[in-house]
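Could you work out the structure for the sequence below:
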Amino acid sequence: MLHISNTVTLDENEIELSAIRAQGSGGQKVNKVAAAVHLRFNIAASSLPEHYKEKLLALKDKRITKEGIVVIKSQQHRSQEQNRAEALERLVELIKSVNVTHKKRIPTKPTKGAVKRRLASKKKHANKKKMRGKVRDE
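Sure, this is the predicted structure:
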């Protein structure tokens, strides 16, 4: 069982894990050992609550196919067990990310002192510019 939150858990039977050979350099062993892990998770067929499913399917994420299947490939580590754990952790993080609600920003206003200082500075600058003008005899 994967724990997403206090109330939401995922059965590991819903997740399809397959071992594949990793890409990149690694000598002779990289061609013999299937250390990378390919994770597939069908959102629609899962036991997740409906609001999780809707938000996951609405995400603009390259890991989610048009059919609603999450595909995660992990090949960072040398051992298959570590890659499997990382792939599952990344799936949990993706599912948790859709349930985060962002606080609405409350716009702030400048303080009275800040407004007063800004206006005084503007007046001082305007007077300096005015003094650069032509001198008139009266």
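
What's the local residue count around the closest residue to residue 61 other than its chain neighbours?
Counting by C-beta to C-beta, 6 or more residues apart in numbering, residue 61 lies nearest to residue 94, which is 7.4 Å off, once chain neighbours are set aside. The C-beta positions use only the backbone N, C-alpha and C, and glycine is treated the same way. Neighbour count for residue 94, taken as other C-beta atoms under 10 Å: 17.

Please, where are all the helices along the chain?
Using DSSP state H, the helices of the chain run over 50-58, 80-97, 112-130.

which one of these lies closest to residue 18?
helix 80-97 (10.3 Å; C-beta to C-beta).

other SSEs contacting that closest one?
In terms of contacts (3 or more C-beta pairs under 8 Å, 6 or more residues apart in numbering; DSSP states H and E), helix 80-97 is packed against strand 2-3, strand 15-20, strand 36-42, helix 50-58, strand 69-74.

how does it look with 7 Å?
Judged by 3 or more C-beta pairs under 7 Å, 6 or more residues apart in numbering; DSSP states H and E, the packing partners of helix 80-97 are strand 36-42, strand 69-74.

tell me the angle of it relative to strand 36-42?
Per axes from the mean of the first three to the mean of the last three C-alpha atoms, to 10 degrees, the angle that helix 80-97 makes with strand 36-42 is 30 degrees.

Flag every buried residue along helix 80-97.
80, 83, 84, 86, 87, 88, 90, 91, 94, 95 (16 or more other C-beta atoms under 10 Å).

Likewise for stretch 2-21?
4, 10, 15, 17.

Of the residues you listed, which is the nearest to residue 66?
Using C-beta to C-beta, the buried residues of stretch 2-21 come closest to residue 66 at residue 15, 19.7 Å.
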